[in-house]
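**Q** sequence first, then the predicted structure, then my questions.
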Amino acid sequence: MSSKGSSLIEAKKLCKSYFNEGLETPVLFDIDLTINSGEFVAIMGPSGSGKSTLMHILGFLDHFTSGSYLFHDEPVLRMNDDDLAKIRATRVSFVFQAFNLLPRTSVLENVLLPLLYHPTIAASERMDRAMKAIATVGLTDRAKYLSNQLSGGQKQRVAIARALVTEPEVIFADEPTGNLDSVSGRQVMEAVQQLHEHGHTIILVTHERTTAEHAERIIHIRDGRIQEDTKSFKRRLAKEASTLAK
């Protein structure tokens, strides 16, 4: 992971449009955004606001139409397909609302999956890394369970372990609590928050205020534009309370 506080992501005048049979549909407009290593950022907005599109661009899953995007000060436009594939395999990971687990495969096998495509992690290291990631999300006793034997909250924690196993620089989480009840959602967000406290950069997309408040910083997006970029009130209060307790 990069040193905390150094610039990780920098977008300037970033725009995105989709084209279909000559018809242009603009989705993002003049996005200016800087995210430093070690931050926990929530991108919040209603359905259709462009927040997931922005995350997909920042996570190298989609292309932007105009503007610039620097990753570690390197222009993404200069990266070829091999460069982008290597970044997706080694430096970023994703947690999605739908879990995306293999249903008749064990927790351990699901978490091992990203390591099979990793270009530098030796086969001899895979088991230890997978079990460490599973332990991090508190599911060691479920490692041999099939994923379809788990609750929704446990499935999402498996997805978090799978995202964590390659030790990426940044973890993108797209509506990670969207399919969960409030108790499971809170447990998942506590796991995500612990990852941040251990040094991971987290970029979270959500439409839920209670989920966004786990982040340190909340970026509000509406109609494809950033409307507000503020510190999380809840996290600020928690830090102040912790400081007073000392």
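**A** Perfect, I can see it now. Numbers count the residues shown, from 1 in each chain.

**Q** and the spatially closest residue to Lys16 that is not a sequence neighbour, how many residues sit next to it?
**A** Nearest non-adjacent residue to Lys16, counting by C-beta to C-beta, 6 or more residues apart in numbering: Leu28, 4.1 Å away. (Glycine included, C-beta is placed from N, CA and C.) Here the count is done by other C-beta atoms under 10 Å, and Leu28 has 25 residues near it.

**Q** for whichever helix or strand Leu28 is part of, packing partners?
**A** For Leu28, the element it lies in under DSSP states H and E is strand 23-36. When contacts are defined as 3 or more C-beta pairs under 8 Å, 6 or more residues apart in numbering; DSSP states H and E, strand 23-36 sits against strand 7-20, helix 51-58, strand 201-206, strand 225-231.

**Q** which residues of this protein score low on pLDDT?
**A** 1-5, 233-246 (pLDDT under 70).

**Q** just give me the residue closest to the centre of it.
**A** Phe172 (1.1 Å; C-alpha atoms, centre = their mean).

**Q** ok, now which ones touch it?
**A** Residues in contact with Phe172 (C-beta atoms under 8 Å, 6 or more residues apart in numbering) are 55, 58-59, 92-95, 203-205.

**Q** now with 10 Å, please.
**A** Residues near Phe172 by C-beta atoms under 10 Å, 6 or more residues apart in numbering: 43, 55-56, 58-61, 92-96, 163, 201-205.

**Q** likewise for Phe64?
**A** 11, 13-17, 28, 31, 53-54, 56-58, 76-77.

**Q** pick the one among the residues you listed closest to Thr210.
**A** Nearest to Thr210 among the contacts of Phe64, counting by C-beta to C-beta, is Leu54 at 21.1 Å.

**Q** pull out the buried residues from the longest helix anywhere in the chain.
**A** In the chain, taking DSSP state H as the definition, the longest helix is helix 182-197. Buried residues in helix 182-197, defined by neighbour count with 16 or more other C-beta atoms under 10 Å: 184-189, 191-193, 195-196.

**Q** I am finished for the moment; much appreciated.
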